[in-house]
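In: the following block contains a protein sequence and its predicted model.
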Amino acid sequence: MKVVIIGAVAGGTTAATKIRRNDKSAEIILFEQDGDISYSACGIPYYVGEKSPKPNP
Ligand SMILES: Cc1cc2nc3c(=O)[nH]c(=O)nc-3n(C[C@H](O)[C@H](O)[C@H](O)COP(=O)(O)OP(=O)(O)OC[C@H]3O[C@@H](n4cnc5c(N)ncnc54)[C@H](O)[C@@H]3O)c2cc1C
């Protein structure tokens, strides 16, 4: 199976990992126009507001 996925944040990377789990030999090509993949968009307000909690030790 050959799959092309456009977008590599939540939806794209979830689709890619699910396909890989179901088909070890699948050819998966993931395109992302930005520099980062699979980042947490939900955390952007904390990052912008400099209110990001410290990571657990
Ligand atoms: C500030 C903020 C807070 C949020 N908080 C929450 C929350 O608390 N709880 C929650 O459940 N959800 C939250 N969300 C929503 C959640 O982040 C989104 O539902 C999720 O990011 C959607 O993922 P997605 O992969 O479908 O789309 P997107 O995150 O939009 O990713 C699509 C990607 O496709 C890329 N792309 C588009 N067109 C092309 C192209 N032609 N070529 C290459 N790449 C392309 C884009 O660059 C983008 O990176 C929040 C979102 C934001 C912005």
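Out: That came through, no problem. Numbers count the residues shown, from 1 in each chain.

In: please count neighbours and contacts with C-alpha atoms only from this point.
Out: Will do.

In: neighbours of residue 1, how many?
Out: 9 (other C-alpha atoms under 10 Å).

In: pretty sure it is touching residue 24, no?
Out: No - using C-alpha atoms under 8 Å, residue 1 is not in contact with residue 24; the gap is 9.8 Å.

In: how about the residues of this protein by the ligand?
Out: 6-12, 31-34, 41-42, 44-45 (C-alpha under 6 Å from any ligand atom).

In: narrow these to those in helices?
Out: Within the residues of the chain next to the ligand, residues falling in helices by DSSP state H are 10-12, 44-45.

In: need the contact list for the closest residue in space to residue 28 that isn't next to it in sequence.
Out: Closest residue to residue 28 apart from its sequence neighbours, by C-alpha to C-alpha, 6 or more residues apart in numbering: residue 3 at 4.9 Å. The contact partners of residue 3, taken as C-alpha atoms under 8 Å, 6 or more residues apart in numbering, are 26-29.
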